[in-house]
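Q: please find the sequence and the predicted model below.
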Amino acid sequence: MSMPIADILTAMAGRRVLVVGDVMLDRFVYGRTERVSPEAPSLILAADRQEQMLGGAANVAVNITSLGGHCHLIGLCGADPIAAELAEELARFPDLTADLVKDPARSTTLKVRLVNPQHNTHLLRLDWEVTTPAAGAVLDQLTASAVAAVAKVEVVIFSDYLKGVLQPSLMSAVAAEAARHGIPVIVDPKGQDFTRYRGATVIAPNLHELSLAVGHTVPQDDAAVEAAAGEIIALSGAPAIVVKRSQGGVQLVEQGRTTARFQTLARRVTDVSGAGDTLVAALAMALATTAGMDAATRIANAAAGIAVAKKGTAAATVEELAEMLLHRHEHRISPKIYSATEALQKQVTAWQDEGLSVGFTNGCFDLLHPGHIWSLTEARSRVDRLVLALNADASVKRLKGPNRPVQNETARMTVAAALEAVDAVILFGSDTPLDLILALQPNVLLKGGDYNLDTVVGRHEVEAYGGRVEIIPYMPNTSTTEMIQRMGGIEAEKGGIGTGSVVPGAAVPSLAES
């Protein structure tokens, strides 16, 4: 029986992947193009900032760590200043172990992209690279390191950019060792000769790479892609081909026939740089859980859709995959529920990087009533994404009394995550959510109607970094305490932060008292 997607995503945590291939540094220079050079008929880029990140096989490795895995990266670099910058970037990822062989005869691959972000236009790309095939002692060292690493991982990726690392003898030795251990080998290919990849379990070309390999243009057509993939299977002996069809999605061909076809899930395309790396990394992480090819390809397709919506060479996360694939209706692993502040912090940053405003509100939300629904809906209408922080059970007891909450924190989180107005749910154990607010840095802090600006915890901190605070009016005659009184199960509490004594029929706050 196939493993559910939710279980695969959960099982991806801690998987070990070996990536062997061509590492590089990607640099993006952003600026405005408002003038033509007086020296030549070319645009002037008035640069105002630059970013750099890991590229090629190193970007595959970063994607592995972003999905919760541990990656062992083996590649080649020069003995130059760019190699030092590459090493600094690699050191930023604690779950990434890099063994880079230094070859003084070559330069470290650097790609510089000149970009006008206003129009999302790549104006020019500059490549510094040496593509001479690795040989002699350098190739021997690469091969020995890769073969030795196979026994410690659950899947192998060859990330081929034709920069010299993936020579046939190296790939043959690593594939043989992987076969001996019963682990899959995935190839992200380049070039025309796919016979080089004999011994691979899966080859994942894009449509252009597929066309080069079969010697003719392959159109965006299911039957044509299936036929071309069948040729690749015959040439390479690989039992499965995953064809990356850009806007046409992903097509899985096994033993010469299409077994799965997935439409693209990209909500918008911001930057396609590195999307193939993301797809291959997600495919590997899913296969490492022993998922079937169909489910693994579905997850890989979703990961690519997430990556192209971000700028630069970007990575997907398990939370983003759950959001996209589970459609927020899976109760065993809700994609909205976050157990760690760091994971939610990454999600909030990702939303903000996309230009979305993120709101934050908090409370106990013990027995959900119409006042809660109204106030959360109103809060969500003022922002693009809404984070709801729930008081943990111990915190509720301190605030409301020993008989509260009626529903434990797991039940309250499950119910809150089912609400359309809520985009993320997290617990906090302190009496106020100030530490969480400082960690997440939301654009808007939203509080219930019994507060004024001077009594809102976190107001000054949020305003200091440029955010704002808004008060949500409450709905009269809605109260958790009144519900408890009517049920006759618990004596009405007195006091509590933001609630005071509850008088039947009185207006009570909906975002503060819950």
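A: Great, that's in hand.
Q: mark out where each domain of this structure begins and ends.
A: Dividing the chain into domains by automatic domain parsing, as the record does, gives the ranges 21-325, 337-487.
Q: lowest average confidence across those, which one?
A: Lowest mean pLDDT within these: domain 337-487, a mean of 85.
Q: centre of the chain to it, how far?
A: Centroid displacement of domain 337-487 relative to its chain, using Cα atoms, centre = their mean, to the nearest Å, is 24 Å.
Q: how about the strands of the stretch 251-400 of the chain, start to end?
A: Applying DSSP state E, counting those that start in this stretch to the stretch 251-400 of the chain gives strands spanning 257-262, 337-338, 358-363, 385-391.
Q: out of those, the one nearest Leu139 is which?
A: Of all the strands of the stretch 251-400 of the chain, it is strand 257-262 that lies closest to Leu139, at 36.5 Å by Cβ to Cβ. C-beta coordinates here come from the backbone N, C-alpha and C atoms, glycine included.
Q: how far off centre is the closest one?
A: Put simply, strand 257-262 sits 25 Å off its chain's centre (Cα atoms, centre = their mean).
Q: and that strand, what does it pack onto?
A: helix 222-236, strand 250-254, helix 293-307 (3 or more Cβ pairs under 8 Å, 6 or more residues apart in numbering; DSSP states H and E).
Q: quick check: which of the ones you listed is nearest to Arg125?
A: helix 293-307 (18.4 Å).
Q: okay, the domains of the chain in JSON lines with mean neighbour count and distance to Pro4 next?
A: Listed next are the domains of the chain as JSON lines, based on neighbours: other Cβ atoms under 10 Å; distance: least, Cβ to Cβ, whole Å:
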{"stretch": "domain 21-325", "mean neighbour count": "20", "distance to Pro4": "8"}
{"stretch": "domain 337-487", "mean neighbour count": "18", "distance to Pro4": "17"}
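Q: can you convert those into TSV and add a column each for distance to Ile5?
A: Listed next are these as TSV, based on distance: least, Cβ to Cβ, whole Å:
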stretch	distance to Ile5
domain 21-325	5
domain 337-487	16
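Q: of these, which is nearest Ala11?
A: Closest to Ala11 of these, according to Cβ to Cβ: domain 21-325, at 4.0 Å.
Q: measure the closest one end to end?
A: Counting by Cα to Cα, to the nearest Å, you get 30 Å between the two ends of domain 21-325.
Q: for the most centrally placed residue in the chain, grab phi and psi.
A: The centre of the chain sits closest to Ala316, judged by Cα atoms, centre = their mean, with a distance of 2.0 Å. For Ala316, the backbone dihedrals are phi -100, psi 160 (criterion: degrees, to the nearest 10).
Q: nearest to Glu88, out of the helices and strands packed on strand 257-262?
A: Using Cβ to Cβ as the measure, helix 293-307 is the one of the helices and strands packed on strand 257-262 that comes nearest Glu88, at 23.3 Å.
Q: ok so, going back, just send the helices and strands packed on strand 257-262 back as JSON lines, with distance to Ala135 too.
A: Written out in JSON lines, the entries for the helices and strands packed on strand 257-262 read as follows (distance: least, Cβ to Cβ, whole Å):
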{"stretch": "helix 222-236", "distance to Ala135": "24"}
{"stretch": "strand 250-254", "distance to Ala135": "34"}
{"stretch": "helix 293-307", "distance to Ala135": "33"}
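Q: would a markdown table of the strands of the stretch 251-400 of the chain with distance to Val187 be doable?
A: Rendered in a markdown table, the data for the strands of the stretch 251-400 of the chain read as follows (distance: least, Cβ to Cβ, whole Å):
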| stretch | distance to Val187 |
| --- | --- |
| strand 257-262 | 19 |
| strand 337-338 | 35 |
| strand 358-363 | 39 |
| strand 385-391 | 38 |
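Q: contact partners for Asp393?
A: By Cβ atoms under 8 Å, 6 or more residues apart in numbering, Asp393 lies in contact with Pro405, Asn408, Glu409.
Q: all helices of the stretch 101-250 of the chain, in order?
A: 136-150, 168-181, 207-214, 222-236 (DSSP state H, counting those that start in this stretch).
Q: make TSV from the ones you listed and add distance to Arg49 to it.
A: Rendered in TSV, the data for the helices of the stretch 101-250 of the chain read as follows (distance: least, Cβ to Cβ, whole Å):
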stretch	distance to Arg49
helix 136-150	36
helix 168-181	39
helix 207-214	31
helix 222-236	40
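Q: doesn't Leu126 make contact with Arg112?
A: To be clear, residue 112 is Val; Arg isn't right here. Yes. Taking Cβ atoms under 8 Å as the contact criterion, Val112 and Leu126 are neighbours in contact, 4.3 Å apart.
Q: find residues that contact each of those two.
A: Joint contacts of Val112 and Leu126 (Cβ under 8 Å, 6+ apart) do not exist.
Q: re earlier: and the strands of the stretch 251-400 of the chain: which comes nearest Pro205?
A: Closest of the strands of the stretch 251-400 of the chain to Pro205 is strand 257-262, at 15.1 Å (criterion: Cβ to Cβ).
Q: give me the sheet partners of the closest one and which way each runs.
A: Paired strands of strand 257-262, with direction, are strand 250-254 (antiparallel) (DSSP bridges).
Q: distance from the strand it pairs with to the middle of the chain?
A: 23 Å.
Q: quick one: contacts of that strand?
A: Where contact means Cβ under 8 Å, 6+ apart, the residues beyond strand 250-254 that reach it are 222, 225-226, 229-230, 233, 239-245, 258-262, 264, 279, 293-294, 297, 300-301, 304.
Q: can you name the residues that contact Asn408?
A: Neighbour list for Asn408: Asp393 [criterion: Cβ under 8 Å, 6+ apart].
Q: contacting residues for His72?
A: Listed by Cβ under 8 Å, 6+ apart, the contact partners of His72 are Arg16, Val17, Leu18, Val19, Thr97, Asp99, Ala149, Lys152, Val153.
Q: hmm, try it at 10 Å
A: For His72, the contacting residues are 16-20, 61, 64, 96-99, 145-146, 148-150, 152-153, 156, taking Cβ atoms under 10 Å, 6 or more residues apart in numbering as the criterion.
Q: for Leu325, same thing?
A: 5-6, 8-9, 265, 295, 298-299, 301-303, 305, 335.
Q: same question, Leu54
A: When contacts are taken as Cβ under 10 Å, 6+ apart, Leu54 is in contact with 23-26, 60-63, 73, 86, 89-90, 92-93, 96, 98, 274, 277, 313, 315.
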